[in-house]
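S.K.: When you get a sec, could you give me coordinates for this:
(one chain, ligands or ions: 2)
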Amino acid sequence: MGKTTGFMEISRQDRTYAPATDRTQHYQEFVIPLMTSEVSQQGARCMDCGIPYCHNGCPINNIIPDWNDLVYQGKWREALAVLHSTNNFPEFTGRICPAPCEAACTLNLTDEPVTIKTIECAIIDKGWEEGWIEPQIPAHRTGKKVAIVGSGPAGLACAQQLARAGHNVVVYEKNNRIGGLLRYGIPNFKMDKQIIDRRMTQMQAEGVVFRTDSHVGVDVSAQSLQEKYDAVVLTGGSEKSRDLPAPGRELKGIHFAMEFLPQQTKRVLGDEVPEESTISATNKHVVVIGGGDTGSDCIGTSIRQGAASVMQLEILPKPPEKEDKALTWPNWPNKLRTSSSQEEGCERDWCVSTKSFEGENGQVKKLNLIRIDWHKDKEGRWQMSEIPGSEFELKADLVLLAMGFMHPVHEGMLQEFGVELDGRGNVKASTCHYKTSVDKVFAAGDMRRGQSLVVWAIREGRQAAKAVDEYLMGFSELPR
Ligand SMILES: Cc1cc2nc3c(=O)[nH]c(=O)nc-3n(C[C@H](O)[C@H](O)[C@H](O)COP(=O)(O)OP(=O)(O)OC[C@H]3O[C@@H](n4cnc5c(N)ncnc54)[C@H](O)[C@@H]3O)c2cc1C
Ligand code: SF4
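M.R.: Residues are numbered from 1 along each chain as shown. Ligands and ions are numbered 1, 2, ... in the order given. Got it, this is the predicted structure:
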């Protein structure tokens, strides 16, 4: 374990942010890392509990107590090896994971969990700085060919594992760049895109071939993949945005978050966004509908673009400021959280439903809203009802819909493959073998489990790789 009495002697210390007034002037990352000596001290706080709840709280079961101890002892390279044994991309999770591990940490019982995510990020960033991360070229080639459709974290993790097992892996991506939502969902200020490029270079050296601008079901037929490859893995994400079909929805200035966010990342990366399709928050009153991560990313981007005001609306009730640990620990608690983007200057309102959008000359100008009451019915199910007389209006020149995603896009690729869907419209496949209803076609990540998190996508990509390897070779030495 770290230092036996470390948790009693050393206080929790975490990364800080550059001041909001500075960081909103640009689109670069703004987290200020701890010094190496400070990270080692934080590692010393880990108690190496008999039952490490953090290990279970982490969806990829990162072996957290071991690397905490190694960091405390200054054995960074060994810590990197332990970290990489369960996580292909700690530089992604170390930046944008919500860290359910920290909610599960025993020290969270007193609100002072080990700064696990910060330590994870420090280990991997040091690994890259020191040049310790090199391609792992397989000793043997199997001659088997695998196509992976979608280059988000699930596709990338699956591709890296399969390439290291000696298979020839080709990743098809419809966008012009690799990364899925890591690239075009999560803004640059939360994760610099060079971080994806550097991994991509490593994976190319390991034998992975990337085909961008290749839309399966449009430019590339499903049939051609089935004919050319020994296995196909579908990791196309959950891209069907949830809409708000209220009167006035057709007005100009109402957009899905995923129409707005990729444009800004493209600009940052030097792409031209055509004038006629530009969605800009500059000098506008922006209303973001939806209270999750996607909504926060719309807020941070709008503020950087120079919005006149930003308001975020949520239909659910305001969560409690503090959780009841006895009821929630070690699980992820429902409590009020404030993201770095929300901190930068937006207002928030809860229990609000949109009745209609109103405009002038075809352009949205305001929202007609009503307050909601949430109560349980006789069967104990939550129901909502409008509070009579609580109608109000909100000025809006730009409305961003960030209410989540329904399921993967069914038209095109999924229809061509003819894979069976589950009750929620996701591709049906179990987490045992990740096989779809169609021979030699597998599915993982948000396309299989529905909208989720990067860390779950990495887990599914790794597990699907093992399942594919077993299918191709009859056995697999890949970790699950
Ligand atoms: C705005 C936003 C912010 C988020 N922030 C966070 C966060 O901070 N932390 C976190 O953990 N999670 C976050 N998430 C969720 C997280 O990004 C996803 O859960 C994760 O990326 C899913 O990974 P995936 O590989 O399954 O799919 P995706 O990342 O969605 O990748 C799927 C890829 O497949 C491609 N594709 C789809 N169909 C085809 C086809 N037919 N042919 C070729 N290519 C195809 C797509 O273009 C895409 O590149 C966020 C999501 C959004 C939308
Ligand atoms: S991947 Fe997420 S849950 Fe796992 S250790 Fe890292 S921050 Fe914690």
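
S.K.: Verify the stated contact: residue 92 with residue 180.
M.R.: No. Using C-beta atoms under 8 Å, residue 92 is not in contact with residue 180, being 10.8 Å away. For the C-beta atoms, the positions are set from N, CA and C on the backbone; glycine is no exception.

S.K.: what touches both of these two?
M.R.: Residues touching both residue 92 and residue 180 by C-beta atoms under 8 Å, 6 or more residues apart in numbering: residue 153.

S.K.: Now find how far off-centre the longest strand that the chain contains is within its chain.
M.R.: In the chain, assigned by DSSP state E, the strand with the most residues is strand 363-376. Distance, stretch centre to chain centre, for strand 363-376: 28 Å (C-alpha atoms, centre = their mean, to the nearest Å).

S.K.: Which positions within that strand qualify as buried?
M.R.: Residues of strand 363-376 classed as buried: 364, 365, 366, 367, 368, 369, 370, 371, 372 (neighbour count, 16 or more other C-beta atoms under 10 Å).

S.K.: Sheet-wise, list the partners of the helix or strand following it with their directions.
M.R.: Sequence-wise, the next helix or strand downstream of strand 363-376 (DSSP states H and E) is strand 382-386. Strand 382-386 pairs in its sheet with strand 363-376 (antiparallel), by DSSP bridges.

S.K.: Show me the domain layout of this structure.
M.R.: Here the domain parsing of the chain from automatic domain parsing is 6-130, 145-239+406-473, 243-403.

S.K.: is it true that residue 447 touches residue 150?
M.R.: Yes. The pair residue 447 / residue 150 is scored as a contact, 6.9 Å apart, by C-beta under 8 Å.

S.K.: got any residues that touch both of the two?
M.R.: Common neighbours of residue 447 and residue 150, using C-beta under 8 Å, 6+ apart, are 234, 235, 236, 237.

S.K.: Distance check, the residue in the stretch 351-480 of the chain that ligand 1 sits nearest to against ligand 2.
M.R.: Using C-beta to the nearest ligand atom, the single residue of the stretch 351-480 of the chain nearest to ligand 1 is residue 445, 2.4 Å away. For residue 445, the distance to ligand 2 equals 15 Å [C-beta to the nearest ligand atom, to the nearest Å].

S.K.: Residue 235 too?
M.R.: The gap separating residue 235 from ligand 2 is 18 Å, by C-beta to the nearest ligand atom.

S.K.: That residue reaches residue 162, doesn't it?
M.R.: No. Residue 235 lies out of contact with residue 162 (C-beta under 8 Å); the separation is 11.7 Å.

S.K.: what touches both of these two?
M.R.: Shared contacts of residue 235 and residue 162, counting by C-beta under 8 Å, 6+ apart, come down to residue 148.

S.K.: Ligand 2 contacts on the chain?
M.R.: Neighbours of ligand 2 within the chain, by C-beta under 6 Å from any ligand atom: 58, 60, 62, 64, 93, 97, 99-101, 116-117, 120, 455.

S.K.: Enumerate every residue touching residue 79.
M.R.: Residue 79 sits next to 66, 67, 70, 71, 123 when contact means C-beta under 8 Å, 6+ apart.

S.K.: Which of these sits closest to ligand 2?
M.R.: The closest of the contacts of residue 79 to ligand 2 turns out to be residue 67 (C-beta to the nearest ligand atom; 9.2 Å).

S.K.: before we move on, back to that, run a quick check on the residue of the stretch 351-480 of the chain closest to ligand 1 versus residue 150, I expect a contact.
M.R.: Yes. Counting by C-beta under 8 Å, residue 150 is a contact partner of residue 445 at 7.3 Å.

S.K.: list the residues that contact both of the two?
M.R.: In contact with both residue 445 and residue 150: 235, 237, using C-beta under 8 Å, 6+ apart.

S.K.: Can you tell me how far the nearest residue to residue 386 once chain neighbours are set aside is from ligand 2?
M.R.: In space, and not counting its chain neighbours, residue 386 is closest to residue 370: 4.9 Å by C-beta to C-beta, 6 or more residues apart in numbering. From residue 370 across to ligand 2, the span is 38 Å (C-beta to the nearest ligand atom).

S.K.: hang on, residue 370 packs against residue 356?
M.R.: No. The criterion here is C-beta under 8 Å, and residue 370 misses it with residue 356 at 10.1 Å.

S.K.: so where's the longest helix in the protein?
M.R.: The longest helix of the chain (DSSP state H) is helix 454-473.

S.K.: Residue 3 should be in a strand, yeah?
M.R.: No. Counting by DSSP: H, G, I helix; E, B strand; the rest coil, residue 3 is located in no strand; its state is coil.

S.K.: Can you say which two of the buried residues of strand 363-376 are spatially most distant?
M.R.: Pairwise distances across the buried residues of strand 363-376 (C-beta to C-beta) peak at 23.3 Å, for the pair 365 and 372.

S.K.: Strands of the stretch 251-400 of the chain, residue ranges please.
M.R.: Applying DSSP state E, counting those that start in this stretch to the stretch 251-400 of the chain gives strands spanning 254-256, 285-289, 309-313, 347-349, 352-360, 363-376, 382-386, 392-395, 398-401.

S.K.: who's sitting farthest from the centroid in this protein?
M.R.: For the chain, the residue at maximal distance from the C-alpha centroid (C-alpha atoms, centre = their mean) is residue 389, at 39.1 Å.

S.K.: And the pLDDT at that residue?
M.R.: On pLDDT, residue 389 comes in at 97.

S.K.: again, but for residue 174
M.R.: pLDDT, residue 174: 98.

S.K.: Quick check: the gap between it and residue 218.
M.R.: 7 Å (C-beta to C-beta, to the nearest Å).

S.K.: Likewise for residue 243?
M.R.: Here the distance between residue 243 and residue 218 works out to 22 Å (C-beta to C-beta).

S.K.: pLDDT added to the buried residues of strand 363-376, as a markdown table?
M.R.: Listed next are these as a markdown table, based on pLDDT from 0 to 100:
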| residue | pLDDT |
| --- | --- |
| 364 | 98 |
| 365 | 98 |
| 366 | 98 |
| 367 | 98 |
| 368 | 98 |
| 369 | 98 |
| 370 | 98 |
| 371 | 98 |
| 372 | 97 |
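
S.K.: quick revisit: can you tell me the closest non-neighbouring residue to the residue of the stretch 351-480 of the chain closest to ligand 1?
M.R.: Spatial nearest neighbour of residue 445, chain neighbours left out: residue 154 (2.6 Å); criterion: C-beta to C-beta, 6+ apart.

S.K.: go on, residue 271?
M.R.: Leaving aside its sequence neighbours, residue 271 sits nearest to residue 176 (C-beta to C-beta, 6+ apart; 7.5 Å).

S.K.: for the one you found, phi and psi?
M.R.: Main-chain torsions, residue 176, degrees, to the nearest 10: phi -80, psi -10.

S.K.: from now on call the first residue 191
M.R.: Right, with 191 as the first residue, what we last looked at is residue 366.

S.K.: Burial check on it, number of neighbours?
M.R.: Neighbourhood size, residue 366 [other C-beta atoms under 10 Å]: 12.

S.K.: Sweet, I'm off.
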